[in-house]
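Visitor: Quick one, structure for this:
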Amino acid sequence: TYLFGPGISDSVDLSRYSSELDDNGQYTLPASGKYELRVLQTRNEARKNKAKKYSVNIQIK
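Guide: Residues are numbered from 1 along each chain as shown. Down below sits the predicted model:
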């Protein structure tokens, strides 16, 4: 899972073991604005028409 948006130079890896996440597995957006979240799968799995389960929890405070 990758995040794109303002204040992010390239993209942010939001996968489970990413170093971008804090000790609670959370990421705080660097700026307000419009963001895009992309959930990807490997090409091999896509060709086989497989789907992976995933969940996303977004909180706005």
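Visitor: check contacts around the nearest residue in space to residue 56 that is not next to it in sequence.
Guide: Using C-beta to C-beta, 6 or more residues apart in numbering and skipping the chain neighbours, the partner closest in space to residue 56 is residue 37 (6.9 Å). Bear in mind the C-beta positions are built from the backbone N, C-alpha and C, glycine included. Contacts for residue 37 (C-beta atoms under 8 Å, 6 or more residues apart in numbering) come out as 1-3, 14, 56.
Visitor: Where do the helices of this protein begin and end?
Guide: For the chain, helices defined by DSSP state H occupy the ranges 43-47.
Visitor: in it, which segments are predicted with low confidence?
Guide: Within the chain, no stretch has pLDDT under 70.
Visitor: give me that answer again for 80
Guide: Applying pLDDT under 80 to the chain picks out residues 61.
Visitor: Now stretch 9-26: buried residues?
Guide: 12, 14, 21 (16 or more other C-beta atoms under 10 Å).
Visitor: first to last residue in it, what's the distance?
Guide: Stretch 9-26 stretches 19 Å from its first residue to its last (C-alpha to C-alpha, to the nearest Å).
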